[in-house]
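Trainee: structure here, sequence nowhere to be found:
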């Protein structure tokens, strides 16, 4: 016969599974290094923001530059996005 499992045991098992998955995710983030290109792109992002706030570039130029920088950042961080998607799906 199949014995029913109490809600407390199910909740504890769920929490345990989430902690294991979170531990694996943190482990992966810790050991997968970011490329040096990410630091350069973050610097460019900050400089473009400074140019906009100081009034040296207009908003359209800002949007064009930021969109290119964000696309490059997304390409550099694709592995982190994949790990997040796997974590969410599981």
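Mentor: Received, thanks. Given the structure is predicted, the values throughout are model-derived calculations rather than measurements.

Trainee: show me the domain layout of the protein.
Mentor: 1-31, 33-90 (automatic domain parsing).

Trainee: quick one, which of those is packed in tightest?
Mentor: Comparing those by mean neighbour count (mean count of other C-beta atoms under 10 Å), domain 33-90 ranks first with a mean of 12. For glycine as for every other residue, the C-beta is placed from the backbone atoms N, C-alpha and C.

Trainee: thought residue 48 was touching residue 65, still the case?
Mentor: Yes. If you go by C-beta atoms under 8 Å, residue 65 and residue 48 touch, sitting 4.8 Å apart.

Trainee: overlap in contacts, those two.
Mentor: Overlap of the contact sets of residue 65 and residue 48 (by C-beta atoms under 8 Å, 6 or more residues apart in numbering) consists of residue 57.

Trainee: next, format the domains of the chain as CSV and append mean pLDDT.
Mentor: What follows is the domains of the chain, written out as CSV (pLDDT from 0 to 100):
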stretch, mean pLDDT
domain 1-31, 82
domain 33-90, 87
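
Trainee: ok, residues contacting whichever strand or helix holds residue 21?
Mentor: Residue 21 belongs to helix 7-31 when elements are defined using DSSP states H and E. Here helix 7-31 makes contact (C-beta under 8 Å, 6+ apart) with 80, 83-84, 87, 90.
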